[in-house]
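# Next one to model:
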Amino acid sequence: MSPKNIGVVLLSAILALPLASLAQTRVIELDANAIAGRFDPAFNFSIGAGRANEGLRADWQQQLAQVKRDAGFKYIRMHGLLSDDMAVYRVDAQGKEHYNFQYVDALYDYLLSIGIKPFVELGFMPSQMASGDKTVFWWRGNVTPPKDYAAWERLIKALTEHFTERYGAQEVASWYFEVWNEPNLDGLWVASRDDYFKLYSHAARAIKSVDARYKVGGPATAGAAWIPEMIAYCASNAVPLDFVSTHTYGVNQGFLDEYGTTGTVLSKENGAVSDDVLRNRKEIAASAMPKLDLHYTEWSSSYTPADPTHDSYHQAAYILQKLKQVGGAAQSMSYWVFTDIFEEAGPRIEAFHGGFGLMNTQGIKKPAYFAYQFLNQLAPTALKNSDSHSFATTDERGNVQLLLWDYTRTLPEGVNNQQYFIKDLPPKDKGQAEVNMRGLKTGSYTMKISTVGYKRNDAFTAYIGMGSPKQLGKSQVATLKSLASGKPDEQKTVRVGADGRFSIKLPLRENDVVLLELSRRK
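Numbering: from 1, shown residues only. The predicted structure is shown next:
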């Protein structure tokens with residue numbers, strides 16, 4: 001046989017090999033005694049929700065209680081606390097101001113009853129206090145400044161005093177007060193940046209006049225904007241500022257797009273989302289207040305509640321990748337939002353429509369949900385780990401957890417999210433992860449392996465398989481919930497010998513997420 005023919009035969013043999021044999025093995029080496037420090041809790045410090053009035057709904061409350069149990073979120077932030085549908089402010093025929101906090105009380109009483117604290121967003125403007133009639137969203141949040149800033153300050157002071165009387169100063173001192181939402185967007189604030197700073201200063205002074213310990217901040221901007229300017233303004237004018245806040249999303253065009261009509265495109269940049277956070281941290285360090293906390297009070301892959309990235313199995317790996325890249329640069333990364341009960345563009349009739357939520361309207365858990373559930377199953381102590389696509393943790397009992405993933409951006413050129421992520425998208429094989437642990441205590445362990453990925457805790461692909469019906473029957477909802485339970489795929493007892501070593505090989509596909517847990521048996 002000629003050398004040329006030999007080459008052809010060898011090439012044919014290689015092409016005939018299973019794809020897995022060509023993929024690389026990713027090796028993760030861990031020492032259970034090599035402690036890196038505290039596992040950063042920024043991932044579940046806070047979670048977002050659409051608007052305050054939606055929080056009075058029974059299904060909203062039921063979903064929040066479930067996500068609290070599974071993911072452990074500590075705070076929740078939402079729009080519209082002061083909007084007309086919360087009935088907080090009116091002026092009578094004689095021009096006398098009246099405050100009513102009954103709806104706010106019903107909401108906050110519930111939040112605190114399930115162990116979630118408010119990350120209080122102060123907005124939008126009560127219509128009888130507003131200087132204009134421009135509104136945003138289906139539920140008509142007024143986005144104009146107050147016609148009388150003294151009236152605004154009185155309202156914020158009265159609200160803060162009410163919180164103090166009802167919940168106690170010690171409790172309210174653990175909350176955060178954030179002034180407005182995305183004032184750098186014309187659709188959400190019709191005035192200037194200086195006007196926003198004026199709004200902020202009146203609110204901050206009102207809050208601090210009740211109790212100097214209460215935490216207040218802003219500017220809650222879109223696109224990581226105004227952080228140096230906010231700090232400089234407060235420093236120059238002796239305005240209280242306890243933290244700065246802003247938002248970022250992983251797409252590169254537009255900002256306010258309620259209906260997903262522009263065709264969003266997931267950013268190609270490796271540093272999408274994380275670059276904004278790291279830049280803000282550097283801006284804070286170079287400012288007059290270099291130790292300020294940084295809170296990202298909104299973030300996700302896309303800024304529109306009509307983007308199927310939110311529903312796709314790709315989203316779980318995306319979330320973990322971005323949180324890993326951010327590291328400890330922010331004190332919180334508040335995912336936007338926990339539920340598709342979210343009505344900025346009006347009530348949605350489609351069961352899956354690309355909504356922001358970790359759960360859809362019927363309470364079906366999306367793959368993104370399990371990214372947070374699995375993170376919450378990690379222990380409080382981080383292990384040293386050189387792998388850039390995993391978190392490894394341990395606890396005082398010697399239990400060890402490893403959460404690993406593959407993140408691969410698969411969006412083709414010239415195709416937008418709304419065209420691509422609505423399809424059944426089988427992943428390519430990525431080989432395997434070889435996990436080698438040492439330093440484990442001798443004895444028996446319960447090993448659990450849980451996964452998220454294509455057709456694994458993947459209700460959306462199953463929904464596509466049903467023909468993507470706009471509405472779901474009871475049996476369909478039950479089926480999808482059963483396919484997205486988060487239960488382990490495998491559970492068995494393993495033995496660690498005197499050498500303290502344990503190894504396992506885990507198959508990987510594009511955008512798979514795998515949680516490996518080793519729990520010592522008594």
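
# Could you use CA atoms for every contact and neighbour count after this?
Fine.

# so what's the closest residue to Phe163 other than its chain neighbours up against?
Take Phe163 and drop its neighbours on the chain: the residue closest to it by C-alpha to C-alpha, 6 or more residues apart in numbering is Val172, 6.9 Å away. Counting by C-alpha atoms under 8 Å, 6 or more residues apart in numbering, Val172 touches Phe163, Thr164, Tyr214.

# Among those residues, which lie within helices?
Phe163, Thr164 (DSSP state H).

# Just the closest of the contacts of Val172 to Val143, please.
Phe163 (24.3 Å; C-alpha to C-alpha).

# Mind pulling up the pLDDT for the closest one?
Per-residue confidence (pLDDT) for Phe163: 98.

# Run a quick neighbour tally on it.
Other residues within reach of Phe163, judged by other C-alpha atoms under 10 Å, total 18.

# now do Thr25
Neighbours of Thr25 using other C-alpha under 10 Å come to 17.

# Nearest spatial neighbour of it, chain-adjacent residues omitted?
Nearest to Thr25 is Gln432, by C-alpha to C-alpha, 6+ apart, at 5.1 Å.

# where does that neighbour land in three-state SS?
strand (DSSP: H, G, I helix; E, B strand; the rest coil).

# correct me, but it touches Asp512?
No - using C-alpha atoms under 8 Å, Gln432 is not in contact with Asp512; the gap is 10.8 Å.

# of the two, who's got more company?
Set Gln432 next to Asp512 and count neighbours by other C-alpha under 10 Å: Asp512 wins out with 24 against 19.

# Show the contacting residues for the more buried one.
Here Asp512 is in contact with Ala317, Trp405, Asp406, Tyr407, Thr451, Val452, Gly453, Tyr454 (criterion: C-alpha under 8 Å, 6+ apart).

# Of these, which pair is most distant in space?
Maximum distance among the contacts of Asp512 (C-alpha to C-alpha): 14.0 Å, for Tyr407 and Thr451.

# Which one of these two is surrounded by more residues?
Using other C-alpha under 10 Å as the criterion, Tyr407 and Thr451 rank with Thr451 on top: 26 against 21.

# Tell me what that one is bridged to.
Residues in a beta bridge with Thr451, per DSSP bridges, are Val514.

# And it, how close does it get to Lys134?
From Thr451 over to Lys134 the distance is 47 Å, taken as C-alpha to C-alpha, to the nearest Å.

# With Thr446 instead?
59 Å.

# who's in contact with Ile231?
Leu241, Ile284, Ser287, Ala288, Met289.

# go on, Glu97?
Tyr89, Arg90, Val91.

# PyMOL command for the buried members of those?
This is the PyMOL syntax for the buried subset of the contacts of Glu97, where burial follows 16 or more other C-alpha atoms under 10 Å:
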select buried, resi 89+90
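
# Narrow the contacts of Glu97 to those in strands?
Tyr89, Arg90, Val91 (DSSP state E).

# can the residues you listed go into TSV with extra columns for pLDDT and distance to Gln325?
Formatted as TSV, the ones in strands among the contacts of Glu97 follow (pLDDT from 0 to 100; distance: C-alpha to C-alpha, whole Å):
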residue	pLDDT	distance to Gln325
Tyr89	98	43
Arg90	97	46
Val91	97	49
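
# which one of those residues is nearest Arg51?
Of the ones in strands among the contacts of Glu97, the one sitting nearest to Arg51 (C-alpha to C-alpha) turns out to be Tyr89, at 17.1 Å.

# Okay, the closest one and Arg279: tell me how far apart.
39 Å.

# what would the contacts of Val172 look like in JSON lines with distance to Ile504?
Shown next, in JSON lines, are the contacts of Val172 (distance: C-alpha to C-alpha, whole Å):
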{"residue": "Phe163", "distance to Ile504": "53"}
{"residue": "Thr164", "distance to Ile504": "54"}
{"residue": "Tyr214", "distance to Ile504": "49"}
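
# picking that back up, out of the contacts of Ile231, which end up buried?
Buried, going by 16+ other C-alpha under 10 Å: Leu241, Ile284, Ser287, Met289, out of the contacts of Ile231.

# and Ser236, how many neighbours does it have?
9.

# Same question for Ala238.
10.

# distance between stretch 27-47 and the chain's centre?
Relative to the chain's own centre, stretch 27-47 is displaced by 18 Å; criterion: C-alpha atoms, centre = their mean, to the nearest Å.

# Compute the first-to-last residue distance for that stretch.
First-to-last residue span, stretch 27-47, C-alpha to C-alpha: 33 Å.

# where along the stretch 101-250 of the chain do the helices fall?
102-113, 149-167, 169-172, 193-210, 227-237 (DSSP state H, counting those that start in this stretch).

# how about CSV for the ones you listed, with distance to Pro305 added?
Formatted as CSV, the helices of the stretch 101-250 of the chain follow (distance: least, C-alpha to C-alpha, whole Å):
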stretch, distance to Pro305
helix 102-113, 24
helix 149-167, 30
helix 169-172, 32
helix 193-210, 26
helix 227-237, 26
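
# Tell me which of these sits most buried.
helix 193-210 (a mean of 19; mean count of other C-alpha atoms under 10 Å).

# which residues sit in contact with Thr25?
Contact analysis of Thr25 by C-alpha under 8 Å, 6+ apart lists Gly431, Gln432, Ala433, Glu434.

# could you redo the last one with a cut-off of 10 Å?
The contact partners of Thr25, taken as C-alpha atoms under 10 Å, 6 or more residues apart in numbering, are Lys430, Gly431, Gln432, Ala433, Glu434, Lys505, Leu506, Pro507, Leu508.
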